[in-house]
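Participant: please work out how this folds:
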Amino acid sequence: MQTLQFLFLTPSGFAIHCCTENHRFRVTYLLYSSVLSEPTLLFPKHQSHRDQAIESCNPFEILTYKYHGGAGGTLIAVSSIFSVLFSLVFCSVASAQTPVKTLRPTQQAASQGPGLTEISKGPDPLLAEAKLLVDKGMVSEAERAVRQYLDKHRDSADGHFLLGYILFREIQENAGVKGGTAAATYSEKVGDGSDTILKEAKASASLAEYTEGAKFHAPSAFDLKIVALDYVLLGRYSDADKWLTRSLDWNSKDSEGWYYLGRIKYNENRFAEAVSAFEQCLKLDSQNVKAEDNIGLSYAGLGRIDEAVMAYQTAIAWQSQLPVKNPGPYIDLGSLLLDANRLQEAVTYLLQAIEIAPRESRAHELLGKAYTRLEQLPKAQTELEKAIELSAQSANLHCMLAPVYRKQGISERAKLEYQRCAALTGSHSVPQTPRP
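Facilitator: Prediction:
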């Protein structure tokens, strides 16, 4: 079994000794403090090993570093050399001991928050109390409690991870998403175009806390899932893909994780991989309507239209007896039929979507488009006006409504909508709502 040793100096002044067995890294302990102005990796000698060290020992930052020839002994004080030699001896027997810190997370149920088990059983009752506040939806109170705790315990990994989670939950609260787990309630409301600056600031702050916590303790699979969802909010899908994939490597039974990986792959236009992720979700959570609906979207992206229609119809059938239905498969099937110019069929499904979710702007938009093509202009006007009421900053809606007014001889309102269309098209209008 091959074992690698290296010394890694971070900007905060800690030297971390890591060793790997079967390509699994673990941080064993802190060696000593230093005052380096930038991260410096003293050894190992090989480039690939250095890259692995950086990624594994500080997982949320892309670090710059310098490598100095040989083992770097000339850069380490005499007292430091003793620490390094001690660490090399320790690494050879580390497999027989329980490491102080590990980069392989404690397995948690998908519904648990970050570090819930450790926080509840550990020596920090204040963190356990803050976690209970989060579970009750009292995120502002929870944030204050954790920040007060971190003022006195800046090296608490659990504290930083919990604060990162709380900041993510605050994004949900601001979007009107209440209760439930972070992943379960992550929805189109979180991903819409409102309050973009605030959401991006919160997501960046959340990531900063996870980065800080990772200096002191390994994150859990759940922590990495929240990191990935933060990156989704920032539109950085490749980073989201990376960390959610690693989360699923550590907890492959997380059906929600597979669902969100499918969504990320879809947004990267990697439709075949998206199908595979959604299918994995369905193996763990059969008759998951959103997963089946998104399989339809992915097949549509691949141009496999018949299979897409079948997936949408399956998703609709699965929820036929449910008291609360998801409008997604109705909207997506209606959109597909609209593209195929099967207008009356599209209208049927879109009307059902609106009955389920009257405040779903996209359903009104598509129905307005269908009525326009059917030359049912008063109905088209009604639907597009409703869509604008729900999403006033969408340039596309104003651009669609203007000719509907013009064709009916409503000249002044048509002129006004053309002006709004031009103004929003040339400004930062709200982008199309991402799917959940």
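Participant: and Gly426, what pLDDT?
Facilitator: pLDDT recorded at Gly426 is 80.
Participant: tell me, how many residues neighbour it?
Facilitator: Counted with other C-beta atoms under 10 Å, residues neighbouring Gly426 total 9. Where you see a C-beta, it was placed from the backbone N, CA and C, and this is true even at glycine.
Participant: in the stretch 101-250 of the chain, what spans have low per-residue confidence?
Facilitator: For the stretch 101-250 of the chain, the stretches with pLDDT under 70 are 101-123, 176-194.
Participant: can you do 90?
Facilitator: For the stretch 101-250 of the chain, the stretches with pLDDT under 90 are 101-126, 128, 136-137, 172-198.
Participant: where along it do the strands fall?
Facilitator: Along the stretch 101-250 of the chain, no segments are classed as strands by DSSP state E, counting those that start in this stretch.
Participant: what about the helices in it?
Facilitator: Taking DSSP state H, counting those that start in this stretch as the criterion, the stretch 101-250 of the chain contains helices spanning 116-121, 125-135, 139-152, 157-174, 188-191, 196-214, 221-233, 237-250.
Participant: now do the stretch 251-400 of the chain
Facilitator: Along the stretch 251-400 of the chain, the stretches classed as helices by DSSP H, counting those that start in this stretch are 255-267, 271-284, 289-301, 305-318, 328-339, 343-356, 361-373, 377-390, 395-407.
Participant: name all residues that make contact with Val347.
Facilitator: The neighbours of Val347, taking C-beta atoms under 8 Å, 6 or more residues apart in numbering as the test, are Gly334, Leu367, Ala370, Tyr371, Leu374.
Participant: separation between it and Ala353?
Facilitator: Relative to Ala353, Val347 is positioned 11 Å away (C-beta to C-beta, to the nearest Å).
Participant: quick check: neighbours shared by those two?
Facilitator: With C-beta under 8 Å, 6+ apart as the test, Val347 and Ala353 both reach Gly334.
Participant: and the closest residue to Phe278 other than its chain neighbours, how many neighbours?
Facilitator: Excluding the flanking residues, the one nearest Phe278 by C-beta to C-beta, 6 or more residues apart in numbering is Gly262, at 4.1 Å. Neighbour count for Gly262, taken as other C-beta under 10 Å: 28.
Participant: residues in contact with stretch 203-211?
Facilitator: 58, 60-61, 160-161, 163-165, 167-168, 171, 219, 223, 226-227, 230-231, 233-234.
Participant: what about 6 Å?
Facilitator: Here stretch 203-211 makes contact (C-beta atoms under 6 Å, 6 or more residues apart in numbering) with Phe60, Glu61, His160, Leu163, Gly164, Leu167, Phe168, Val227, Asp230, Leu233, Leu234.
Participant: TSV for these, including neighbour count?
Facilitator: Listed next are the contacts of stretch 203-211 as TSV, based on neighbours: other C-beta atoms under 10 Å:
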residue	neighbour count
Phe60	23
Glu61	16
His160	28
Leu163	28
Gly164	29
Leu167	24
Phe168	26
Val227	29
Asp230	29
Leu233	22
Leu234	15
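Participant: out of the residues you listed, who's nearest Glu129?
Facilitator: Using C-beta to C-beta, Leu163 comes nearest to Glu129 of the contacts of stretch 203-211, at 14.0 Å.
Participant: so the closest one touches Arg144, yeah?
Facilitator: No - taking contacts as C-beta atoms under 6 Å, Leu163 lies outside contact range of Arg144: 10.6 Å.
Participant: burial count for the closest residue in space to Pro378 that isn't next to it in sequence?
Facilitator: Nearest residue to Pro378, sequence neighbours excluded (C-beta to C-beta, 6+ apart): Gln408, at 7.5 Å. Neighbour count for Gln408, taken as other C-beta under 10 Å: 14.
Participant: start at 31, not 1
Facilitator: Okay, using 31 as the starting number, the last item reads as Gln438.
Participant: got the phi and psi for Gln438?
Facilitator: phi -100, psi 0 (degrees, to the nearest 10).
Participant: pLDDT score for it?
Facilitator: Looking at Gln438, the pLDDT reads 96.
Participant: so it sits against Leu407, correct?
Facilitator: Yes - Gln438 is within contact range of Leu407, at 5.4 Å (criterion: C-beta under 6 Å).
Participant: roughly how far does the residue nearest to Phe308 sit from Asp271?
Facilitator: As for Gly292, its distance to Asp271 is 11 Å (criterion: C-beta to C-beta).
Participant: okay, now the domains of the chain?
Facilitator: Domain ranges of the chain: 35-126, 135-277, 282-348, 357-466, per automatic domain parsing.
Participant: looking at it, the residue nearest to Phe308 is touching Ala304, isn't it?
Facilitator: Yes - using C-beta under 6 Å, Gly292 is in contact with Ala304, at 4.7 Å.
Participant: that older thread, and the helices of the stretch 131-280 of the chain: which comes nearest Leu368?
Facilitator: Here helix 218-221 is closest among the helices of the stretch 131-280 of the chain (C-beta to C-beta), at 19.8 Å.
Participant: give me the neighbour count for Asp253.
Facilitator: Asp253 - counted by other C-beta under 10 Å - has 29 other residues nearby.
Participant: hmm, it is touching Leu192, no?
Facilitator: No - using C-beta under 6 Å, Asp253 is not in contact with Leu192; the gap is 9.6 Å.
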